[in-house]
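S.K.: Build the 3D model from these lines:
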Amino acid sequence: MANGLADRRIYTRYLLGMHRLVEALAHAPSDAAARESWAMWFDRQRLKFLRDDLRKLDASIDCTDTRLPSPTWWMGANYVLEGSALGARLLLRDAARMRENDPGIPLEFLQHHAQRSDRWPRFLMALASVDGSMRSDAQAGARHAFALVEQALTCEETA
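M.R.: Down below sits the predicted model:
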């Protein structure tokens, strides 16, 4: 997305890339302690908005099961998504301009994802409390999340 969201095709590609990650994060951590401490990062609306926008764009949604193997992988993958919300604010401006010429562009997910909040600093504080082997797991989860998005973007480029 180096040049932002220039047209419907690129916007759809962006949403498809985000879908793989959001789908993986749609399954809350199974560990009871993780559910309690990380529940604030679980966002059911995000996936609904994303699926709705992709349907409105007539995009084919990949339904591959992308469950993450552990709660700390889940938190590491969330690092990628929470960080992407910062860039989503810029992408939302591009999409809003694009929508002026193409009124059918749905923005529900991007508007939700780009909402200003203090989520990022709070997330970093929560992640800082993870140490030892759990930190390695979280890092593996983040790398996996980046790979999910990259794979979806690359598949869409070659299609």
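
S.K.: any low-confidence regions in this structure?
M.R.: Scanning the chain for pLDDT under 70 picks out 1-2, 30-39, 63, 65, 155-159.

S.K.: what about the helices in it?
M.R.: Along the chain, the segments classed as helices by DSSP state H run 8-25, 32-38, 44-56, 71-101, 108-113, 119-128, 133-158.

S.K.: and the longest one, what other elements does it pack with?
M.R.: Helix 71-101 is packed against helix 8-25, helix 32-38, helix 108-113, helix 119-128, helix 133-158, with contacts defined by 3 or more Cβ pairs under 8 Å, 6 or more residues apart in numbering; DSSP states H and E. The way it works is simple: take the backbone N, C-alpha and C, and place the C-beta from them, glycine included.

S.K.: Of the ones you listed, which is nearest residue 81?
M.R.: helix 8-25 (5.7 Å; Cβ to Cβ).

S.K.: Measure how far the closest one is from the centre of its chain, please.
M.R.: Centroid separation for helix 8-25 versus its chain: 8 Å, with Cα atoms, centre = their mean, to the nearest Å.

S.K.: List the buried residues for that helix?
M.R.: Within helix 8-25, the residues that qualify as buried are 8, 10-25, counting by 16 or more other Cβ atoms under 10 Å.

S.K.: Wait, residue 52 touches residue 108, no?
M.R.: Yes. Contact criterion Cβ atoms under 8 Å: residue 52 and residue 108 qualify, at 5.8 Å.

S.K.: next one: stretch 109-128 to chain centre, how far?
M.R.: 11 Å.

S.K.: In PDB, please show the C-alpha coordinates belonging to that stretch.
M.R.: Extracted in PDB, the C-alpha atoms of stretch 109-128 (Å, rounded to 0.1, in the frame of the first residue of the first chain):
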ATOM      1  CA  PHE A 109     -14.400  -1.600   8.300                       C
ATOM      2  CA  LEU A 110     -11.900   1.100   7.600                       C
ATOM      3  CA  GLN A 111     -13.900   3.700   9.600                       C
ATOM      4  CA  HIS A 112     -14.100   1.300  12.500                       C
ATOM      5  CA  HIS A 113     -10.500   0.300  12.300                       C
ATOM      6  CA  ALA A 114      -9.200   3.800  12.100                       C
ATOM      7  CA  GLN A 115     -11.100   5.200  15.100                       C
ATOM      8  CA  ARG A 116      -9.000   7.400  17.300                       C
ATOM      9  CA  SER A 117      -8.400   5.900  20.700                       C
ATOM     10  CA  ASP A 118      -5.800   5.000  23.200                       C
ATOM     11  CA  ARG A 119      -5.800   1.400  22.200                       C
ATOM     12  CA  TRP A 120      -2.200   1.300  20.800                       C
ATOM     13  CA  PRO A 121      -0.400   2.600  23.900                       C
ATOM     14  CA  ARG A 122      -2.600   0.400  26.100                       C
ATOM     15  CA  PHE A 123      -1.900  -2.600  23.900                       C
ATOM     16  CA  LEU A 124       1.900  -1.900  24.000                       C
ATOM     17  CA  MET A 125       1.700  -1.800  27.800                       C
ATOM     18  CA  ALA A 126      -0.100  -5.200  27.900                       C
ATOM     19  CA  LEU A 127       2.300  -6.700  25.500                       C
ATOM     20  CA  ALA A 128       5.300  -5.500  27.600                       C
END
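
S.K.: Alright, that wraps it up for me.
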